[in-house]
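# Here's a sequence, model it:
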Amino acid sequence: MEREVKDFVDSILATNTRKSYIRSLSIFEEYMGKKVSDIIKQRREDFGNEDITQRRNLERQVEKFYVWLVNERKLSQNTAYSYVTAIKSIMSYYDVSLKIKGITRVPTSPRDWVPSVNELRRLFEASDMREKTLLALAVNVPMRINDYNEILKSDIIPYLDATEYPIFFMKVTRKSKAPMPCFITEETMKLLRTYVKNLRDDNPYLWQGRGKKKLNEDSINRTLKNLVKTAGINTLGLRVRFHLFRKTFIGVARSMIGLSDDQVKMLTGKKVKADMDPYYVKVELMPLFERVADKLRLTGYAEANDGRIDNLENFANLMGKVLAEALLLPAIRKLWREQQKTSGDTVQFITVPNFDAMTPKELLELYLQLKKQQKGSTKPDEPSTLVDALEDEMARRQRKNLFPQR
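Residues are numbered from 1 along each chain as shown. Modelled structure (predicted):
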């Protein structure tokens, strides 16, 4: 491997990205018939040229390379796009960046499996002690995998005897170079207390690999795939990888808790303009994390419903309101008018209840009360039950739609 390529790929943190870039640059060398070092050298000469045609020479070559990959090598547009990205990245690394227009990633259907909260709990139940700890901490700390496997024992040990939760410490993410608050619940810390006791003293990492190395990304992803099989979960062919924890956390934070984009970014270590000092983290972010963590509890939860019970209650309340306004309210108004006529009172001296301000429950109670008062004076063709009244109202509205008044 040429020195220029080696220096570049050594700067890339993600193992899979390094492998992909090495292959991409190798194929580009094949296409160009030149070494990458010679291409970089020529790019430097062209980069400062006053002639725009010469200055954009490599851009045109890369655009042709993209077309060649799709038409000749029969690669997908997104795979070809990733190869072009490797070329753009190495040129940017050597300060001779490319500006490629018209080559973008094509939107695709989701490839990653994103578990429900119930499925996370099934994974947890199928795990051994070490795997339970890995899962619980990943649920609390939604880092990228190359940040997660670099958590140190020294990050955790000072808090093993904590009495107030959640505890938190700060880590700087490698991709965005942004500080990320790492919150840990009491549920997870109980697991960590037992787990840390079994770690080797000569390895500084929380997730230990061979010797003094950290556990590699492939091993973590392989553990997750095996757990999915053990738990008997059907992922419908979607890819299982560590990023699922991050996606699940973000999904719960946004859809179930309603956090803003900036709040989610701060909790997941993305760059934001807000000051991430300890006071702000404890006062502003910690309560938000606690709300998300409560939805993601792996133990001690009352009902494994993924929020579906809450959604069902909301739906039932909404339906009650719709039915009350559309059907029950007109039936009550009719009963009220009929009872005033039957009683012989003069309507203008009677205070009419504010039906519109009543809740669906209050309307139903009033309807039953009116029906009770009407009992004994019901005519044969009058509705005698709530169901009859609602059916009559629906029939009336259908007739109105079929035969509208002119």
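# Tell me the buried residues in stretch 183-198?
Within stretch 183-198, the residues that count as buried by 16 or more other C-beta atoms under 10 Å are 183-185, 187-189, 191-192, 195. For glycine as for every other residue, the C-beta is placed from the backbone atoms N, C-alpha and C.
# so which of the residues you listed comes closest to residue 247?
Ranked by distance to residue 247 (C-beta to C-beta), these are led by residue 183 at 18.1 Å.
# looking at this, that closest one is in a strand?
Yes: looking at residue 183 with DSSP: H, G, I helix; E, B strand; the rest coil, it is inside a strand.
# List the contacts of the closest residue to residue 253 other than its chain neighbours.
With sequence-adjacent residues excluded and distances taken as C-beta to C-beta, 6 or more residues apart in numbering, residue 253 is closest to residue 259, at 4.5 Å. Counting by C-beta atoms under 8 Å, 6 or more residues apart in numbering, residue 259 makes contact with 253, 267, 288, 292.
# How is the chain divided into domains?
Split into domains by automatic domain parsing, the chain comes to 3-93, 117-295, 309-402.
# Give me the pLDDT for residue 12.
At residue 12, the model reports a pLDDT of 85.
# Correct me if wrong: it contacts residue 19.
No: with contact defined as C-beta atoms under 8 Å, residue 12 does not count as touching residue 19 (9.6 Å).
# Between these two, tell me which one has more neighbours.
In terms of neighbours (other C-beta atoms under 10 Å), residue 12 is the more surrounded of residue 12 and residue 19; the figures are 17 against 12.
# Now do the residue nearest to that one when sequence neighbours are not counted against residue 217, distance only.
In space, and not counting its chain neighbours, residue 12 is closest to residue 18: 4.8 Å by C-beta to C-beta, 6+ apart. With distances taken as C-beta to C-beta, to the nearest Å, residue 18 is found 11 Å from residue 217.
# now swap in residue 273 and tell me
31 Å.
# okay, these two: which has more neighbours?
Taking other C-beta under 10 Å, residue 273 and residue 217 do not tie; residue 217 has more neighbours (18 against 5).
# Could you find the closest non-adjacent residue to the more buried one?
residue 145 is the one closest to residue 217 (C-beta to C-beta, 6+ apart), at 5.1 Å.
# In contact with that neighbour, which residues are there?
Contact analysis of residue 145 by C-beta under 8 Å, 6+ apart lists 217, 220-221, 241-243.
# between the residues you listed, which is nearest residue 199?
Comparing the contacts of residue 145 against residue 199 with C-beta to C-beta places residue 220 closest, at 16.1 Å.
# Is that closest one in contact with residue 214, as I believe?
No: Residue 220 is beyond contact range of residue 214, at 10.0 Å (criterion: C-beta under 8 Å).
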